[in-house]
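Visitor: Structural data only, the sequence is not supplied:
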């Protein structure tokens, strides 16, 4: 399965790393120093259920570089939801599934709903992900 992870921090990084380790084709969308660190060192996961170090990882700085995905994991911080959703609009139009995760708990995805043409996600307050794990960039 082709999966895109928008926001590969603690939540998106965890689920994306586990899905990649299970054999899925996972591409992470990151920016700035996070992008550079993932490109250089991969993604390390320290978890109660086992450590994992993905190296190399498929990571891009722009979601527009991804032609298609079967599923999109949307795990960005609240302040980035609008711009992140807008950048994913072409990809979401082709995706079968979109999963908003814990980074959005209790917050509307986007008031202007830039991805409403294909998917409506107006409130993720009932979405809950509880984990005692932590994903970190490899150093």
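Guide: In hand now; what should we look at? Just so it is clear, the structure is predicted and the values come from calculations on it, not from any experiment. Numbering: from 1, shown residues only.

Visitor: residue ranges with poor pLDDT in the chain?
Guide: Within the chain, the ranges that satisfy pLDDT under 70 run 102-139.

Visitor: buried residues in the helix ranked longest in the chain?
Guide: When the chain is parsed with DSSP state H, its longest helix is helix 81-94. The neighbour-count check on helix 81-94 (16 or more other C-beta atoms under 10 Å) flags 81, 82, 84, 85, 87, 88, 89, 91, 92 as buried. Every C-beta, even on glycine, is put in place using the N, C-alpha and C of the backbone.

Visitor: Can you name the element that comes right after that helix?
Guide: strand 97-100 (DSSP states H and E).

Visitor: how about the helices in this protein?
Guide: Along the chain, the segments classed as helices by DSSP H run 10-21, 32-41, 81-94.

Visitor: Make TSV from those and add distance to residue 55 to it.
Guide: Converted to TSV, the helices of the chain look like this (distance: least, C-beta to C-beta, whole Å):
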stretch	distance to residue 55
helix 10-21	11
helix 32-41	7
helix 81-94	25
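
Visitor: Among those helices, which comes closest to residue 62?
Guide: With C-beta to C-beta as the measure, helix 81-94 is the member of the helices of the chain nearest residue 62 (7.2 Å).

Visitor: chain center to the closest one: distance?
Guide: Averaging C-alpha positions (C-alpha atoms, centre = their mean, to the nearest Å) puts helix 81-94 12 Å from its chain's average.

Visitor: And that helix, what does it pack against?
Guide: With contacts taken as 3 or more C-beta pairs under 8 Å, 6 or more residues apart in numbering; DSSP states H and E, helix 81-94 sits against strand 2-6, strand 71-74.
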